[in-house]
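Novice: My questions concern the predicted model and sequence given below.
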Amino acid sequence: MEQPLFVLVALVLVSFCKGQDWMPPEFCHQKKCPQFKVVETNQDFEERLYVATDWITTKVESSGIADVTAAYSRLKNYCQKQKEAGYEIPVDTWPGLISVTEDEDGPALSMSWFVPPGTPKPEHTDELVTLQSIPEATVYVRTFSGTPSIEKGQDNAKILHEALVKAGKTFNPHTYAGAGYESYFSLTHHNEIWIYA
């Protein structure tokens, strides 16, 4: 009787684990982060294929530290309100994104936090925070270290843009995102610039 029970338990465990073979990279620090597959590695960038993802997003009024801090606080408060309403959005995920879209009126900035798969969809109780669903996408990624800043993000976006042109890649030249995987106050930083194909 013990052996058939053991086999049954093993089969159940295997069925639950099926499809769970993706291991987040070390820079996710054992936290939930978007699943991706490295398609190609180049000297100046990596091409990744990301699965469909969900994010909570809010506008950042300017690149000033006060406006970036206000956006962070808005997302944090939104998560707290959703938790109180029974829709807990995990806040222990990476990366945090600052997206920049260049247009004729100047750059438009937004801040986004990753929402892991299986998270119940939150209520829309705050007109300043939206839930974004991004379909599967190819993303070109440049990695850099050091304390993150808007200026370092701009510099690395320019380097990535030039590398993509040189490599003959097709991409959106007007939008990029800076991805951070640590607290701003961390001693080490793994930063990325993302440009979507």
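Specialist: Received the coordinates, thanks.

Novice: Give me the neighbour count for the closest residue to residue 87 other than its chain neighbours.
Specialist: The shortest distance from residue 87 to any non-neighbouring residue, by Cβ to Cβ, 6 or more residues apart in numbering, is to residue 122 (4.2 Å). Bear in mind the C-beta positions are built from the backbone N, C-alpha and C, glycine included. When neighbours are counted by other Cβ atoms under 10 Å, residue 122 registers 22.

Novice: And for residue 117?
Specialist: Number of residues near residue 117 (other Cβ under 10 Å) recorded here: 12.

Novice: Contact partners for it?
Specialist: Listed by Cβ atoms under 8 Å, 6 or more residues apart in numbering, the contact set of residue 117 reads residue 54.

Novice: secondary structure class for residue 179?
Specialist: Secondary structure state of residue 179, per DSSP: H, G, I helix; E, B strand; the rest coil, is strand.

Novice: That one touches residue 189, doesn't it?
Specialist: No: shown here, residue 179 and residue 189 do not form a contact pair, counting by Cβ atoms under 8 Å, at 10.9 Å.

Novice: Give me the phi and psi for residue 29.
Specialist: phi 60, psi 40 (degrees, to the nearest 10).

Novice: Buried residues, the lengthiest helix in the chain. List them.
Specialist: Taking DSSP state H as the criterion, the chain has its longest helix at helix 65-84. Residues of helix 65-84 classed as buried by neighbour count (16 or more other Cβ atoms under 10 Å): 68, 70, 71, 72, 74, 75, 78, 79, 81, 82.

Novice: Could you look up the next helix or strand downstream of it?
Specialist: strand 96-103 (DSSP states H and E).

Novice: The residue nearest to residue 87 contacts residue 131, doesn't it?
Specialist: Yes: in this structure, residue 122 is within contact of residue 131 by Cβ under 8 Å, at 6.6 Å.

Novice: Fine by me, thanks again.
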